[in-house]
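Trainee: could you work out the structure for the sequence below:
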Amino acid sequence: MKKALWLSIACLSCLWAGQAQATSISTLFNTGVDASGTVLADGTIGDPHYTLISVPGGLTDIRIRTSAGGYPIGPYFGDNTSSRWIGPNNDSILDGPLGTYRYQTTFDLTGFNPSTASVGGNWATDNNGLDILINGTSLGYTTSYTSFSDGFSPFTVNSAYLNGGVNTLWFDVNNGGGPTALRVQMIGTATPIAPVPEPASLLLLGSGLAGLAAWRLKKSA
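Mentor: Okay, here's the model as predicted:
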């Protein structure tokens, strides 16, 4: 009977331990990729996961740019298989008025424990990045005026600012003249919220406890 109890407990422990492991946040996306994370072609209009919600003038449509289209790549650093440059679709080289451009993306932590979430990545901008905000809270990250050629700068998102539903990230970029763009790569993990044990699981544990109680009574007798 002891064996039955310990087998029951072991089964439930394995079940709950497996549910407590951190998993990837599948709703986090880089700039310039489709729903499967595959990079989009040069000249694609619109990014499935990022929007321009504020511009100093011109269009809010987004255009994808790669080295296949030439300038401004370079002087922008070149392509990889993880992300693309995105910018306002005012013309083929992402020209835009001087001022601040705000890009928005969201990710969903429904079903996860937000206090266990870990989100981090890299960003690059033309010209300088002014700030990254999560759910309206400034994270204080900036990039250099020549970030577009200097390379990526790292950032992290503190779990204290996250909630258990949809979370919103803003990337604020200053344009000092000519083309302007943003590039982001990020990943994240979080622990799923463990569901209430199913009746069958509770029955398994109960059977083991009942078996142990019966074994003890028999031994006492």
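Trainee: going forward, measure contacts and count neighbours with C-alpha atoms only.
Mentor: Fine.
Trainee: all the strands of the chain, in order from the start?
Mentor: Under the criterion DSSP state E, the chain carries strands at the ranges 23-24, 51-54, 62-65, 85-88, 99-108, 112-126, 129-134, 137-138, 153-157, 166-175, 181-192.
Trainee: going by contacts, tell me the helices and strands next to the fifth one.
Mentor: Meaning strand 99-108. Helices and strands touching strand 99-108, as assessed by 3 or more CA pairs under 8 Å, 6 or more residues apart in numbering; DSSP states H and E, comprise strand 51-54, strand 166-175.
Trainee: run the angle between that strand and strand 166-175 for me.
Mentor: Interaxial angle, strand 99-108 versus strand 166-175 (axes from the mean of the first three to the mean of the last three CA atoms, to 10 degrees): 160 degrees.
Trainee: buried stuff in strand 99-108?
Mentor: Neighbour-count burial for strand 99-108, counted by 16 or more other CA atoms under 10 Å, picks out 100-108.
Trainee: what of stretch 75-95?
Mentor: Buried-residue list, stretch 75-95, by 16+ other CA under 10 Å: 76-78, 82-90, 92-95.
Trainee: and that stretch, C-alpha only, in PDB?
Mentor: Taking Å, rounded to 0.1, in the frame of the first residue of the first chain, the C-alpha atoms of stretch 75-95 are listed here in PDB:
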ATOM      1  CA  PRO A  75      24.400  53.000 -44.200                       C
ATOM      2  CA  TYR A  76      21.900  50.900 -42.200                       C
ATOM      3  CA  PHE A  77      23.500  47.700 -41.100                       C
ATOM      4  CA  GLY A  78      22.400  44.700 -43.200                       C
ATOM      5  CA  ASP A  79      19.900  41.900 -43.200                       C
ATOM      6  CA  ASN A  80      19.700  38.700 -41.100                       C
ATOM      7  CA  THR A  81      17.100  35.900 -40.900                       C
ATOM      8  CA  SER A  82      15.400  37.300 -37.700                       C
ATOM      9  CA  SER A  83      14.200  40.800 -38.400                       C
ATOM     10  CA  ARG A  84      13.800  43.600 -40.900                       C
ATOM     11  CA  TRP A  85      13.900  47.400 -40.900                       C
ATOM     12  CA  ILE A  86      10.500  49.100 -40.800                       C
ATOM     13  CA  GLY A  87       9.700  52.800 -41.300                       C
ATOM     14  CA  PRO A  88       7.000  55.100 -42.600                       C
ATOM     15  CA  ASN A  89       5.800  54.400 -46.200                       C
ATOM     16  CA  ASN A  90       6.200  58.000 -47.400                       C
ATOM     17  CA  ASP A  91       8.500  56.800 -50.200                       C
ATOM     18  CA  SER A  92      10.700  53.900 -51.000                       C
ATOM     19  CA  ILE A  93      13.600  55.100 -48.800                       C
ATOM     20  CA  LEU A  94      11.500  55.700 -45.700                       C
ATOM     21  CA  ASP A  95      11.800  59.500 -45.700                       C
END
